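Engineer: just a sequence and a predicted model for now, questions to come.
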Amino acid sequence: MPQSAEHRATGRPRVFLSFAGPDRPAAKQLREDLRLLGIDAFVDDTSIEPGRDFVLALNTALAESDYYVLLWSRHTVDRPWVDLEWSAAFVQDLSAARRSFLFIVRLDDAELPPLLAPRKYLDAYPDWAAMVSRLVTAWRQDLAVGTPVLPAPGPRCAAGPQIRLYVRNQALSVAHQVPVPVGATGAQLMAEVRSALELEDAETRFGGKVGLRFEYELHHRGLPVSDRPLSELGITEDSVLDLTVTMEPFGPDGTGSPIVYRAARPSSAVLAPAMLGALLKSAFGHLEPRGR
């Protein structure tokens with residue numbers, strides 16, 4: 001088992017810390033804070049055994065890490081070595097399996113490079129402890145859900161007391177955070193999920209003559225979510241729900257049998273593989289981790 005997989009299996013992820021030389025004290029402090037919370041962090045001072053090739057050791061550490069944290073500050077600007085590290089991490093972050101790999105922590109108000117500027121970041125000032133807590137919470141959620149976790153692409157529910165749920169789809173290998181009102185029922189939950197994930201009833205081509213019809217169902221702990229208050233169903237803050245998608249292909253030659261969308265590349269006797277793939281990409285591509 002690769003070293004990072006061992007860490008994830010034991011619930012103890014490994015984190016690669018990237019920083020400029022003058023920010024080494026901050027990196028060491030973050031490493032110690034993470035260690036106290038059960039997370040191993042790689043810093044390039046004592047983490048490399050004497051005699052090992054430095055570049056090879058860094059490359060191995062980056063490949064074996066579950067997460068990468070870039071400590072950004074005025075000292076980081078135009079540092080070629082740091083640029084090389086975060087560029088490699090950026091590529092890994094774009095891959096399907098490592099969508100939640102790259103995290104940015106700003107140590108001051110220095111501007112981020114154009115590639116990183118649109119990405120979410122955490123500010124370590126003025127509250128260092130809050131930054132550490134948010135990092136660890138994000139990683140623990142990722143481990144608990146078992147897939148990359150993304151924000152829901154659609155609109156959030158109306159203002160008021162809410163609980164945060166994780167809606168997971170195994171075919172897409174992704175989960176999304178969906179806030180729902182406290183006291184919602186199963187039917188209201190489904191409505192919120194469909195709105196938040198922008199799930200349509202059908203995807204068609206050629207003026208509606210060819211396409212897929214969709215039905216959706218939510219499961220909690222293996223059981224369908226019925227139309228009762230969520231509290232009665234045991235669905236509370238941070239619960240993980242599985243979204244099942246059933247699709248019915250149809251075309252000029254007639255309607256096909258419903259298919260549960262479990263695999264990334266399902267097959268259909270009614271639609272050609274290329275057409276089926278195009279319809280699924282159009283219907284659910286906005287939910288997938290980038291790079292799929």
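Structural biologist: Received, thanks.
Engineer: what about the closest residue to residue 28 other than its chain neighbours, distance to residue 101?
Structural biologist: Take residue 28 and drop its neighbours on the chain: the residue closest to it by Cβ to Cβ, 6 or more residues apart in numbering is residue 43, 6.3 Å away. (C-beta placed from N, C-alpha, C; glycine too.) According to Cβ to Cβ, to the nearest Å, residue 43 and residue 101 sit 18 Å apart.
Engineer: phi first, then psi, for the residue nearest to residue 28.
Structural biologist: phi -120, psi 140 (degrees, to the nearest 10).
Engineer: that one reaches residue 17, doesn't it?
Structural biologist: Yes. Between residue 43 and residue 17 there is a contact under Cβ atoms under 8 Å: 5.3 Å.
Engineer: higher neighbour count, the two?
Structural biologist: residue 17 (26 against 19; other Cβ atoms under 10 Å).
Engineer: quick check: neighbours shared by residue 43 and residue 17?
Structural biologist: Here residue 43 and residue 17 have 27, 31 as joint contacts, going by Cβ atoms under 8 Å, 6 or more residues apart in numbering.
Engineer: so where is the stretch 51-200 of the chain shaky, pLDDT-wise?
Structural biologist: Counting by pLDDT under 70, the stretch 51-200 of the chain shows low-confidence ranges at 51-55, 57-58, 91-100, 158.
Engineer: how does it look with 90?
Structural biologist: For the stretch 51-200 of the chain, applying pLDDT under 90 flags the ranges 51-66, 68, 77-102, 112-121, 126, 134, 137-161, 164, 170-174, 177.
Engineer: for the longest helix along the chain, buried residues please.
Structural biologist: What stands out as the longest helix in the chain, according to DSSP state H, is helix 128-145. Within helix 128-145, the residues scored as buried using 16 or more other Cβ atoms under 10 Å are 128, 131-132, 135-136, 138-142, 145.
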